[in-house]
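S.K.: Below is the sequence, then the predicted model.
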Amino acid sequence: MPDCQSLGYGFVNYVRQDDAERAINQLNGLRLQNKTIKVSYARPSSEAIKGANLYVSGLPKSMTQQDLEGMFRAYGSIITSRILCDNITGLSKGVGFIRFDQRIEAERAIQKLNGTIPEGAAEPITVKFANNPSNNNKTVPPLAAYLSPLTRRYGGPIHHPAGRFRYIPLSPLT
């Protein structure tokens, strides 16, 4: 059996809806092993919810997750939020993420909050769509593809594997 590793989420099917509601009411926001868990109904996949994750930078170091949610709450239903903290010091890095229920809510938040100066900050914040981790390694820039040892054998000049036999025309003869 392969080693199991937590992906940080799970799904539970309840027979009765009131059991699911009780689980949400009692467990949502609970802290487990230094993490705050989010318990909610699963959302069906659709185009309307894709790309609803925002990256926010320039946040005041004193801003809490609750403050972050308070700043964005007016623009839609927040599914999750997170402020990145230094692993050693526990201090905020001034960067966070907000995931809305719908992409249109995220677009509205970008329009209203990008470039604004939140309370307690001296500089404006940047609010933009977060990079989708699943797309990070799908495209290889053309130059990188050419220089990659795996793809180099399919394009470009052919070299003898033993480079010591190479003749360089401008080198002195010995």
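M.R.: On my side now, so go ahead.
S.K.: What is the helix or strand harbouring V95 packed up against?
M.R.: Assigned by DSSP states H and E, V95 belongs to strand 92-100. Secondary-structure packing of strand 92-100 (3 or more C-beta pairs under 8 Å, 6 or more residues apart in numbering; DSSP states H and E): strand 53-57, helix 65-72, strand 78-85, helix 103-113. In short, each C-beta sits where N, CA and C put it, glycine included.
S.K.: what's the most buried one of these?
M.R.: Among the helices and strands packed on strand 92-100, strand 53-57 has the highest mean neighbour count (mean count of other C-beta atoms under 10 Å), at a mean of 20.
S.K.: State the paired neighbours of that one in the sheet, together with their directions.
M.R.: Paired neighbours of strand 53-57 in the sheet (DSSP bridges): strand 92-100 (antiparallel), strand 126-129 (antiparallel).
S.K.: Go ahead and name everything in contact with the first one.
M.R.: With C-beta atoms under 8 Å, 6 or more residues apart in numbering as the contact definition, strand 92-100 has outside contacts at 52-63, 65, 68-69, 72, 75-86, 106, 109, 130.
S.K.: And Y14, how close does it get to K38?
M.R.: To K38, Y14 is 17 Å away according to C-beta to C-beta, to the nearest Å.
S.K.: quick one: the strand holding V95 to helix 103-113, angle?
M.R.: For strand 92-100 against helix 103-113, the angle by axes from the mean of the first three to the mean of the last three C-alpha atoms, to 10 degrees is 140 degrees.
S.K.: what's the angle between strand 92-100 and strand 78-85?
M.R.: 170 degrees.
S.K.: Identify each buried residue in strand 92-100, please.
M.R.: S92, G94, V95, G96, I98, R99, F100 (16 or more other C-beta atoms under 10 Å).
S.K.: Stretch 8-19 too?
M.R.: The neighbour-count check on stretch 8-19 (16+ other C-beta under 10 Å) flags nothing as buried.
S.K.: From start to finish, how long is it in a straight line?
M.R.: 22 Å (C-alpha to C-alpha, to the nearest Å).
S.K.: Over to stretch 56-67?
M.R.: Length of stretch 56-67, first residue to last, C-alpha to C-alpha: 13 Å.
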